[in-house]
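Participant: sequence and predicted structure are below.
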Amino acid sequence: MTDIRTAHTSDLTGTELAAVRALVDDAFEGDFSDDDWDHTVGGMHALAWEGGELIGHGSLVQRRLLHGGRALRAGYVEGVAVRADRRRRGAASAVMDALERILRDGAYEVGALCAADEAVPLYAGRGWRLWRGPSSVLSPTGLQRTEEEDGCIYVLPLGGALDLDGALACDWRPGDVW
């Protein structure tokens, strides 16, 4: 049986954080940088445990997205990973259930994430919607297009009107901005 624990980064032990880092490093097959790790911490985590072992993880961090002349308070999903030998058994869905409950508690105006191709069915099947419009980042030198991310960004509208064909910009951060 899979048990889900939600906790803020500050409430995780050093052992738990090390287990999360090892899980995401393994799941992303060496393509998880220190910047990616930095993006994953500082918010709420959903940890999936089975028999005392961490088998799944996802986190939700606060970001600002610019859309339609407004700065939206976004819950941004990061570091979703499931141990290879436990995939396709519901752990990712259980992690997303926990993160989506946090999203819907009223603290955020929209949920957002940047999906790897293999994860699209999970998110789309849960009601996340593909952002069809152009994406950008509000960088230290001004607004810069992020064409390489077009077609990868998904949002979970939480009540406000969003024009999925409109422009969307994220706040700046080192590494992958989306």
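Facilitator: Received, thanks.

Participant: now Val137, which residues is it bridged with?
Facilitator: Gln144, Cys170 (DSSP bridges).

Participant: just give me the neighbour total for it.
Facilitator: 19 (other CB atoms under 10 Å). No exception for glycine: its C-beta is placed from N, CA and C like everyone else's.

Participant: list the contacts of it.
Facilitator: Neighbouring residues of Val137 by CB atoms under 8 Å, 6 or more residues apart in numbering: Leu143, Gln144, Thr146, Ala169, Cys170, Asp171, Trp172, Val177, Trp178.

Participant: at 6 Å what do you get?
Facilitator: Shown in contact with Val137 (CB atoms under 6 Å, 6 or more residues apart in numbering): Gln144, Thr146, Cys170, Trp172, Val177.

Participant: top of those residues by neighbour count?
Facilitator: Compared across the contacts of Val137, Cys170 has the highest neighbour count, 23 neighbours, by other CB under 10 Å.

Participant: and that one, how far is that from Ile102?
Facilitator: Taking CB to CB, to the nearest Å as the measure, Cys170 falls 19 Å from Ile102.

Participant: equivalent analysis for Leu158, please.
Facilitator: From Leu158 across to Ile102, the span is 11 Å (CB to CB).

Participant: the more surrounded of the two?
Facilitator: Using other CB under 10 Å, the more surrounded residue of Leu158 and Ile102 is Leu158, with 20 against 17.
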